[in-house]
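Student: Sharing a model that was predicted from the sequence below.
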Amino acid sequence: MTKPPQETDNTEKRPGERLAKRMARAGLCSRREAERWIEGGRVRVNDKKIDSPALNVSSSDAISVDGKLLAEKEPTRLFLYHKPAGLVTTHKDPEGRPTVFEKLPKDLPRVISIGRLDLNSEGLLLLTNDGELARKLELPSTGWIRRYRVRTYGGITESMLSEMKKGVTVEGMQYGSIEATLDSQTGNNSWMTVALTEGKNREIRKIFEHFGCQVSRLIRTSYGPFQLGSLPKGGVREVTGKVLKSFIGK
């Protein structure tokens, strides 16, 4: 009679790093996704099924996901991508809409996005093969400023910009400080430069709607030290190892 697969005692204290972190560092997924996969029973360590992310693993452990061995960690790579409007920032869209990852060059490694841009937003999107790096750079505590060019329809006032700078609450959600500068205005149409550090879901659109303005175009121009510059729509440029190390360390 075949013995049922043994379950690993996930409470044991072992040297190494967390299993979910190891999976993220291999570029397979984000750390949060890895934790969900582990809890869903998709991961085995040394041919033992794991059901909790509370396990440390070392380089000598054989890790498999859905029956496939986890590849060795690749050197961390970072790419700048000029996202066009009309693409969803997800690997699979349940509504069947075209995704960012379907449009990337075929010679790129498997990558995940650092943060997101919604369907109608465009501009700079950072991509990496290192899920742990993605998690780190998404956090507001990193302090990296994200800048956007925003076209709005509706009256822009100094009092509105002052309130944005203080932070506002919209439908129970508290948003941090936003620096918004009016660049040009023709009637009720305005172009603005907007800077923030949080980047919550559809944050800029929701805040302007709160003040009675509609965002008709939103372009991310920079994310921390990385600039969109002259990168064409749909274009990808890799950040060199030397530059990457200077900004994020090892």
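Tutor: Thanks, I have the structure now. Residues are numbered from 1 along each chain as shown.
Student: Run through the helices of the protein in chain order.
Tutor: For the chain, the helices defined by DSSP state H occupy 19-25, 31-39, 131-138, 158-166, 203-210, 241-248.
Student: Buried residues of the fifth one, list them for me.
Tutor: It refers to helix 203-210. Under the neighbour-count criterion of 16 or more other Cβ atoms under 10 Å, helix 203-210 has 203-208, 210 buried. For every residue, glycine as well, the C-beta is placed using N, CA and C.
Student: follow-up on the earlier one: now, of the helices of the chain, which is deepest in the fold?
Tutor: Comparing these by mean neighbour count (mean count of other Cβ atoms under 10 Å), helix 19-25 comes out on top with a mean of 24.
Student: just checking, what packs against that helix?
Tutor: Judged by 3 or more Cβ pairs under 8 Å, 6 or more residues apart in numbering; DSSP states H and E, helix 19-25 is in contact with helix 31-39, strand 43-45, strand 56-57, strand 63-65, helix 131-138.
Student: Ranking helices and strands of the protein by mean pLDDT, which lands last?
Tutor: helix 19-25 (a mean of 83; mean pLDDT, DSSP states H and E).
Student: Contacts for it, please.
Tutor: Contact with helix 19-25 is made by 16-17, 29-31, 34-35, 37-38, 43, 45, 50, 53, 55-57, 63, 65, 70, 73, 130-132, 134-135, as judged by Cβ atoms under 8 Å, 6 or more residues apart in numbering.
Student: Can you give the contact residues for stretch 215-233?
Tutor: 80-82, 84, 114-115, 117, 120-126, 137, 142, 144-153, 204-205, 208-209, 237, 239, 247.
Student: List the buried residues for it?
Tutor: Neighbour counts over stretch 215-233 (16+ other Cβ under 10 Å) mark 215, 218-224, 226, 228 as buried.
Student: Kindly reformat those residues as JSON lines containing pLDDT and distance to residue 199.
Tutor: Formatted as JSON lines, the buried residues of stretch 215-233 follow (pLDDT from 0 to 100; distance: Cβ to Cβ, whole Å):
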{"residue": "215", "pLDDT": "96", "distance to residue 199": "15"}
{"residue": "218", "pLDDT": "98", "distance to residue 199": "12"}
{"residue": "219", "pLDDT": "98", "distance to residue 199": "14"}
{"residue": "220", "pLDDT": "98", "distance to residue 199": "9"}
{"residue": "221", "pLDDT": "98", "distance to residue 199": "14"}
{"residue": "222", "pLDDT": "97", "distance to residue 199": "12"}
{"residue": "223", "pLDDT": "96", "distance to residue 199": "9"}
{"residue": "224", "pLDDT": "94", "distance to residue 199": "11"}
{"residue": "226", "pLDDT": "96", "distance to residue 199": "14"}
{"residue": "228", "pLDDT": "97", "distance to residue 199": "15"}
